[in-house]
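>>> Following is a predicted model, sequence given first.
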Amino acid sequence: MANKNNAELFPILNQPTGIARMVANAKHADDGHLVEFKMLEVRSILNKSVSKRRLSLAYSVNPYRGCEFGCKYCYARYTHEFMAPKTPVLGQGEQQDGSIATAMNFRDPISFERLIFLKQNAAWLLEQELKKIDPAQEIALGTATDPYQPIERRARITRSLLEVFARKSGYRLGIVTKSRLIERDIDLLVEIGRRNTLAVHVTITTPDAKLARLLEPRAPRPDLRFQAVKRMREAGIVAGIFGSPLLPGITDTEEALDEMARCAAAVGASFFAAHPLFLKPCSRPTYLGFVREHFPSLEADYAKRFATADFASTPYRQRLAKMVDEARRRHGVGKRSSDALITRNEDGGKRPPQQVVATAQTRLFA
């Protein structure tokens, strides 16, 4: 009772702070099927990458918070937890306007795909922040959300960011998506690639449309993603296939990798890369529920694999790396760099944009 009285007497004590405060002030923008979109005023769009795993990319740009695709293995679901207030602003079950946001538990992994935030003034912020960084430092677009998820058709935030890069020279940009919507921006990508170093990574976990629909419920079909890579390659854009994550017992076989490499070669992909699944706590309920429902015979294996660690064991990781490399060689698909989103020479030096051939971020999702 004392806490309740304090909250009533001093309401400022019950106010969220930081990103939670921005979220609390976010205004309704749009609706989709089981999804609500809100406008989010942010102070920065260019995020400094800090990682204990020593990722080589220096900055990341995510035009949205949350992602509609609902991929079962998604590692980024935890990012919504940052938006939860330290103390509840509303009582359990209370709603002020009936929106999804007021009733949403940000610590529930499902909130990541049900409540999407659109970052406001993103292009203007990027324009200002690019002036303060070294252009040689790598920037990744789409590391914690897909920059081409369906709302981008209407919001066009990603396109506005690319328009900024298209006016720049000498920057190093990597894009990661699993959407064919990127084809819309081929005109900008060509211009960016002409004046900067650009590499596009299209994530395709499997060419099997039925399996893909179970894994990535609202993402475009795999064949449409392969087609997007083909169209970008025909336009002279460096674009390749990112086959991550490789799922134990499902997509980590020699046959599956060979088929992925064959499909990559068929569309002229600049590279083919793939890395093992890892399961953060935020990913486990959704992904292990998928395994339990569709691959029950693998449930015990997953329990053992991830009993004490979120990441794949070193021997397993090395075996998969060898299998991917062999599949790539068999089908003549380009080799990717081992340390960056952006292509480098074998000696680690940078190539001019017109000489870039292939690349991938080995540990982008680690």
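Good, I have the coordinates.
>>> In the chain, mark out all the helices, start to finish.
Per DSSP state H, the chain carries helices over the ranges 2-9, 18-24, 100-103, 111-114, 122-130, 152-155, 157-166, 186-195, 209-215, 222-234, 254-266, 284-294, 299-305, 314-330.
>>> how about these in JSON lines, adding mean pLDDT and distance to Phe37?
Quick note: C-beta positions are derived from backbone N, CA and C, even for glycine. As requested, these are arranged in JSON lines below (pLDDT from 0 to 100; distance: least, Cβ to Cβ, whole Å):
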{"stretch": "helix 2-9", "mean pLDDT": "50", "distance to Phe37": "30"}
{"stretch": "helix 18-24", "mean pLDDT": "48", "distance to Phe37": "13"}
{"stretch": "helix 100-103", "mean pLDDT": "48", "distance to Phe37": "10"}
{"stretch": "helix 111-114", "mean pLDDT": "78", "distance to Phe37": "10"}
{"stretch": "helix 122-130", "mean pLDDT": "97", "distance to Phe37": "14"}
{"stretch": "helix 152-155", "mean pLDDT": "96", "distance to Phe37": "8"}
{"stretch": "helix 157-166", "mean pLDDT": "98", "distance to Phe37": "11"}
{"stretch": "helix 186-195", "mean pLDDT": "98", "distance to Phe37": "23"}
{"stretch": "helix 209-215", "mean pLDDT": "97", "distance to Phe37": "23"}
{"stretch": "helix 222-234", "mean pLDDT": "98", "distance to Phe37": "23"}
{"stretch": "helix 254-266", "mean pLDDT": "98", "distance to Phe37": "33"}
{"stretch": "helix 284-294", "mean pLDDT": "95", "distance to Phe37": "21"}
{"stretch": "helix 299-305", "mean pLDDT": "95", "distance to Phe37": "34"}
{"stretch": "helix 314-330", "mean pLDDT": "96", "distance to Phe37": "37"}
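>>> Let me know which of those helices is the nearest to Gly70.
Taking Cβ to Cβ, helix 111-114 is the member of the helices of the chain nearest to Gly70, at 4.2 Å.
>>> between the helices of the chain, which one is nearest to Arg180?
Ranking these by distance to Arg180, with Cβ to Cβ as the measure, places helix 222-234 first at 4.4 Å.
>>> Alpha carbons only: can I get the closest one in CSV?
The C-alpha atoms that make up helix 222-234 are tabulated as CSV, following Å, rounded to 0.1, in the frame of the first residue of the first chain:
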residue,chain,number,x,y,z
PRO,A,222,13.4,-18.6,-50.8
ASP,A,223,13.0,-18.7,-54.6
LEU,A,224,12.0,-15.0,-54.5
ARG,A,225,15.1,-14.2,-52.5
PHE,A,226,17.4,-16.1,-54.9
GLN,A,227,15.7,-14.1,-57.7
ALA,A,228,16.6,-10.8,-55.8
VAL,A,229,20.2,-11.9,-55.7
LYS,A,230,20.2,-12.6,-59.4
ARG,A,231,18.7,-9.2,-60.2
MET,A,232,21.3,-7.4,-58.1
ARG,A,233,24.1,-9.3,-59.7
GLU,A,234,22.8,-8.5,-63.2
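>>> Does anything pack onto that helix? Which helices or strands?
Under the contact criterion of 3 or more Cβ pairs under 8 Å, 6 or more residues apart in numbering; DSSP states H and E, the helices and strands touching helix 222-234 comprise helix 186-195, strand 197-203, helix 209-215, strand 239-242, helix 254-266.
>>> and with 7 Å instead?
Of the remaining helices and strands, those touching helix 222-234 by 3 or more Cβ pairs under 7 Å, 6 or more residues apart in numbering; DSSP states H and E are helix 186-195, strand 197-203, helix 209-215, strand 239-242.
>>> and it, which residues are buried?
The neighbour-count check on helix 222-234 (16 or more other Cβ atoms under 10 Å) flags Pro222, Arg225, Phe226, Gln227, Ala228, Val229, Lys230, Arg231, Met232, Arg233 as buried.
>>> how much space is there between the last one and Val267?
Taking Cβ to Cβ, to the nearest Å as the measure, Arg233 falls 7 Å from Val267.
>>> Please apply the same query to the second one.
Distance from Arg225 to Val267, counting by Cβ to Cβ: 9 Å.
>>> cool, the third one as well?
As judged by Cβ to Cβ, Phe226 and Val267 stand 5 Å apart.
>>> swap in Arg336?
Applying Cβ to Cβ to Arg336 and Val267 gives a distance of 16 Å.
>>> try Asp252
For Asp252, the distance to Val267 equals 22 Å [Cβ to Cβ].
>>> tally of neighbours for the closest residue to Glu254 other than its chain neighbours?
Here the nearest residue to Glu254 in space, its sequence neighbours aside, is Met323; by Cβ to Cβ, 6 or more residues apart in numbering that works out to 5.8 Å. Summarising burial for Met323: neighbours were counted as other Cβ atoms under 10 Å, giving 19.
>>> what's near enough to touch Cys71?
If a contact means Cβ atoms under 7 Å, 6 or more residues apart in numbering, then Cys71 has Leu215, Glu216, Ala219 as its contacts.
>>> now the residues you listed as CSV including distance to Thr314 and neighbour count?
Rendered in CSV, the data for those read as follows (distance: Cβ to Cβ, whole Å; neighbours: other Cβ atoms under 10 Å):
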residue, distance to Thr314, neighbour count
Leu215, 26, 23
Glu216, 28, 23
Ala219, 30, 27
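>>> Nearest to Leu279, out of the residues you listed: which one, please.
For Leu279, the closest of these turns out to be Leu215, at 13.9 Å, with distances computed as Cβ to Cβ.
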